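Q: here's a sequence, model it:
(one chain, ligands or ions: 1)
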Amino acid sequence: MPLLSATAVTRDYAISTTLWQRPRIHRGLDRVSLTIAAGERVGLVGSSGSGKSTLLRAILAIDPIDAGDIRFDGRTIRPGPVRALRWYRRLVQYVPQDPASSLDPRMSVRTLVAEPLRRLRVPGDHDAVIDEALGRVGLGNAVLDRRPAQLSGGQAQRVALARAIATRPRLLVADEPVSGLDLPLRNQVMDVLHELCHGGGMALLMVSHDLTVVAGACERTAVMSHGRIVEDRATTDLLSSPRHDSTRALLAAIPTLPHSRCRQHP
Ligand SMILES: Nc1ncnc2c1ncn2[C@@H]1O[C@H](COP(=O)(O)OP(=O)(O)OP(=O)(O)O)[C@@H](O)[C@H]1O
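A: Prediction:
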């Protein structure tokens with residue numbers, strides 16, 4: 001049984017152009033199916049508007065779906081009250097786009113990493129878990145009492161990752177985790193993600209509009225276009241013999257060879 005499975009997921013948006021016209025239905029997701037096995041690293045790529053965020057929001061049980069089924073460990077997932085989803089929020093953590101800017105500037109690193117543990121009522125010794133999470137992203141206790149403004153860009157990104165892994169998730173969903181970062185910082189974050197998946201057996205769903213980013217991290221990649229998954233194959237096969245026009249367009253948008261811009265992980 002896969003860790004996560006989305007089966008024939010459909011999501012419609014009603015779009016009203018004027019008050020007196022009946023809303024037009026725009027299909028954001030059209031019978032999308034995707035599975036992620038335990039420990040698997042899957043990339044989700046596609047041009048702007050192809051449906052990546054819509055699929056993420058459905059998988060994260062933020063938005064409802066109109067048809068289909070999403071399961072985690074065999075249990076159906078749908079939006080609901082906080083208490084009904086606490087177990088899921090612990091096991092599936094989300095790293096937002098530009099994670100460093102998602103850190104509350106008033107909080108210390110200790111409070112930032114402790115916050116999901118407290119909110120999701122994770123039992124155990126939180127101080128020990130915070131230490132461990134910071135260690136796994138390559139940060140020591142020296143940063144515990146610092147505020148985000150006192151961290152370098154790379155440290156802030158690592159704190160955001162430490163926050164996400166503190167609940168010991170089985171799946172990390174990362175939305176454009178390195179967009180807008182310069183190359184050294186991008187490689188640092190990719191190295192940490194690689195370590196977290198390999199060392200901890202955590203699965204990864206990484207969304208990007210940039211094939212080079214997922215090529216460096218994910219063994220499998222799904223390509224979205226117009227609300228559908230049009231290719232879902234081993235990343236190396238997808239890069240060497242793209243089958244769909246959307247994949248070819250994403251490849252053509254890469255200015256240089258993948259491994260020259262983003263370090264490749266085995
Ligand atoms: N709340 C909404 N209301 C109406 N249409 C929406 C809404 N959210 C998304 N859409 C539409 O659904 C489609 C998929 O959008 P989505 O944001 O999922 O794409 P994306 O691949 O994540 O794009 P990007 O890379 O720009 O974030 C687009 O046509 C978008 O305009």
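Q: every contact and neighbour count from this point should use C-alpha atoms.
A: Noted.
Q: which parts of the stretch 1-150 of the chain sit against the ligand?
A: Taking Cα under 6 Å from any ligand atom as the test, the list of the stretch 1-150 of the chain residues beside the ligand reads 13, 15, 28, 46-54.
Q: recalculate using a threshold of 8 Å.
A: Within the stretch 1-150 of the chain, the positions near the ligand by Cα under 8 Å from any ligand atom are 13-15, 26-29, 45-56.
Q: let me see the confidence value for Asp104.
A: Here, the pLDDT recorded for Asp104 equals 93.
Q: hang on, the earlier thing: of the residues of the stretch 1-150 of the chain next to the ligand, grab the buried ones for ChimeraX.
A: Per 16 or more other Cα atoms under 10 Å, the buried members of those correspond to this ChimeraX selection:
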select :27,28,29,45,46,47,50,51,52,53,54,55,56
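Q: out of the residues of the stretch 1-150 of the chain next to the ligand, which are inside helices?
A: 52-56 (DSSP state H).
Q: now pLDDT and distance to Gln157 too, for the residues you listed, in TSV please.
A: Below are these laid out as TSV (pLDDT from 0 to 100; distance: Cα to Cα, whole Å):
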residue	pLDDT	distance to Gln157
Lys52	95	22
Ser53	93	21
Thr54	95	24
Leu55	97	24
Leu56	96	21
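Q: quick one: buried residues of the helix or strand hosting Leu238?
A: Using DSSP states H and E, Leu238 falls within helix 235-240. Within helix 235-240, the residues that count as buried by 16+ other Cα under 10 Å are 235, 238-239.
Q: what residues does it touch?
A: Contacting residues not belonging to helix 235-240 are listed as 215, 218-221, 247, 251 [Cα atoms under 8 Å, 6 or more residues apart in numbering].
Q: show me what whatever helix or strand comes next after that helix is packed against.
A: For helix 235-240, the succeeding helix or strand toward the C-terminus, using DSSP H and E, is helix 245-252. Under the contact definition 3 or more Cα pairs under 8 Å, 6 or more residues apart in numbering; DSSP states H and E, helix 245-252 sits against strand 41-46, strand 220-225.
Q: is the last one positioned near the ligand?
A: Yep, that's strand 220-225 we're talking about. Yes. Using Cα under 8 Å from any ligand atom, strand 220-225 reaches the ligand at 224-225.
Q: now the angle between helix 245-252 and that strand, please.
A: If you take axes from the mean of the first three to the mean of the last three Cα atoms, to 10 degrees, strand 220-225 sits at 110 degrees to helix 245-252.
Q: export strand 220-225 to CSV, keeping only CA atoms.
A: The C-alpha trace of strand 220-225 is given here as CSV (Å, rounded to 0.1, in the frame of the first residue of the first chain):
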residue,chain,number,x,y,z
ARG,A,220,10.4,10.1,-9.7
THR,A,221,8.7,13.1,-11.3
ALA,A,222,5.2,13.9,-12.3
VAL,A,223,4.5,16.6,-14.9
MET,A,224,1.3,18.6,-14.7
SER,A,225,-0.4,20.4,-17.5
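Q: neighbouring strands for that strand, and are they parallel or not?
A: In the sheet containing strand 220-225, its partner strands are strand 41-46 (parallel), strand 228-234 (antiparallel), by DSSP bridges.
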